[in-house]
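**Q** Model the structure of this input:
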Amino acid sequence: MGKVITIKPDWTVNWYESEKRPTLEELQKIVGGLIAPVDDFIDKENAEGVEAYVNDKGILIGLEPNYIGTKMVNWPETLFGPLVILEGFKTEEEEEAEAESQGD
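**A** Below you'll find the predicted structure:
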């Protein structure tokens, strides 16, 4: 079971648990457009299996700065718009590898 956490620029935080990883379309709906990964600076030793995404064009389309989201993922520059964090889901590569191994 994984968690989907959304942090908005107004500091609103929502989360839910899910058996199924959100689809690309669901992630795009959450951030309001194309997604860009922003998890490069997350401490992977202490946060294994964590991914984070924002709107790829957030600053260009005038989305509000997300200071709390920026701090949460330790990003070096201010992020704009909603931030979605996925925790505990398998990556697409892991799911594909698992499906292939079950097919053998």
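
**Q** just checking, residue 49 touches residue 94?
**A** No. Residue 49 is beyond contact range of residue 94, at 9.5 Å (criterion: CB atoms under 8 Å). Backbone N, C-alpha and C define where each C-beta goes, glycine included.

**Q** and the end-to-end length of stretch 61-78?
**A** Counting by CA to CA, to the nearest Å, you get 15 Å between the two ends of stretch 61-78.

**Q** Go through that stretch and flag the buried ones.
**A** For stretch 61-78, the neighbour count (16 or more other CB atoms under 10 Å) marks 63, 66, 68-70, 72-73, 75 as buried.

**Q** Spatially central, which residue of the chain would that be?
**A** With distances taken as CA atoms, centre = their mean, residue 52 lies nearest the centre of the chain, 2.8 Å away.

**Q** low-confidence ranges in this structure?
**A** Across the chain, residues meeting the criterion (pLDDT under 70) sit at 44-46, 104.

**Q** State which helix of the chain is the longest.
**A** The longest helix of the chain (DSSP state H) is helix 92-103.

**Q** In PDB, list the C-alpha atoms belonging to that one.
**A** Extracted in PDB, the C-alpha atoms of helix 92-103 (Å, rounded to 0.1, in the frame of the first residue of the first chain):
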ATOM      1  CA  GLU A  92       7.200   1.400 -13.500                       C
ATOM      2  CA  GLU A  93      10.400  -0.500 -14.100                       C
ATOM      3  CA  GLU A  94       9.900  -2.600 -11.000                       C
ATOM      4  CA  GLU A  95       6.300  -3.300 -12.000                       C
ATOM      5  CA  GLU A  96       7.400  -4.400 -15.500                       C
ATOM      6  CA  ALA A  97      10.100  -6.600 -14.200                       C
ATOM      7  CA  GLU A  98       7.700  -8.200 -11.700                       C
ATOM      8  CA  ALA A  99       5.200  -8.800 -14.500                       C
ATOM      9  CA  GLU A 100       7.900 -10.400 -16.700                       C
ATOM     10  CA  SER A 101       9.100 -12.700 -13.900                       C
ATOM     11  CA  GLN A 102       5.500 -13.800 -13.300                       C
ATOM     12  CA  GLY A 103       5.100 -14.600 -17.000                       C
END
